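> A structural model of the following input is requested.
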Amino acid sequence: MSGPREIGVEEALSIVEDIGTTAPIDSVPALVGHLERVKLVLQRRFLMPTMNGGAGPDDRLLTAVEAAEVLGCSRRTVYDNAEGYPFTVRQNGRLRFSAAGLQRYLARAQGGGGRR
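Numbers count the residues shown, from 1 in each chain. Coordinates of the predicted model:
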């Protein structure tokens, strides 16, 4: 007996699109919420590939105070926006911020592009 069939990204996206066009209208808000979570996961993976394992070998984890200095804002602002930052790393229950991810984020925000 064989296991579940693996599907490629294109096929998976096609299935998701079909669901989006056929799902009952009252389920659309929940579907949009799920898609937003997927979008956030993909953005974080793209901007900071080592996020799930903490900082990469050439990276350093910053405190909120250090990240605030780089961003030019308050420590409170960094904490308030941590969930939306693609360079946020949770390590042992503490919030830290990838220095390399923060630099990529700033480069993109300033139109520098970065990784494609």
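> so after the lengthiest helix in the chain, what's the next helix or strand?
Across the chain, the longest stretch assigned as helix under DSSP state H is helix 28-47. For helix 28-47, the following helix or strand on the C-terminal side (DSSP states H and E) is strand 61-62.
> how far is that following strand from where the chain is centred?
17 Å (CA atoms, centre = their mean, to the nearest Å).
> Quick one: list the elements packing against that strand.
strand 94-98, helix 99-109 (3 or more CB pairs under 8 Å, 6 or more residues apart in numbering; DSSP states H and E). Just so you know, the C-beta spots here come from the backbone N, C-alpha and C atoms, and that holds for glycine as well.
> dump the residue contacts of L62.
Applying CB atoms under 8 Å, 6 or more residues apart in numbering to L62 gives the contacts V70, R96, F97, S98, A99, L102.
> Drop anything exposed from these.
Buried members of the contacts of L62, scored by 16 or more other CB atoms under 10 Å, are R96, F97, S98, A99, L102.
> and the last one, what is it in contact with?
When the contact criterion is CB under 8 Å, 6+ apart, the partners of L102 are L62, A67, V70, L71, Y85, F87.
> give me the number of residues near Y105?
As a burial measure, Y105 scores 20 neighbours (other CB atoms under 10 Å).
> same thing with Q103?
Using other CB under 10 Å, Q103 has 15 other residues around it.
> Tell me how far it lies from R60.
11 Å (CB to CB, to the nearest Å).
> hmm, back to that, can I get the contacts of L102 in JSON lines with secondary structure and distance to V9?
Shown next, in JSON lines, are these (DSSP: H, G, I helix; E, B strand; the rest coil; distance: CB to CB, whole Å):
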{"residue": "L62", "secondary structure": "strand", "distance to V9": "33"}
{"residue": "A67", "secondary structure": "helix", "distance to V9": "33"}
{"residue": "V70", "secondary structure": "helix", "distance to V9": "34"}
{"residue": "L71", "secondary structure": "helix", "distance to V9": "33"}
{"residue": "Y85", "secondary structure": "coil", "distance to V9": "26"}
{"residue": "F87", "secondary structure": "coil", "distance to V9": "25"}
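> Check the offset of stretch 92-110 from the chain's centre.
Distance, stretch centre to chain centre, for stretch 92-110: 11 Å (CA atoms, centre = their mean).
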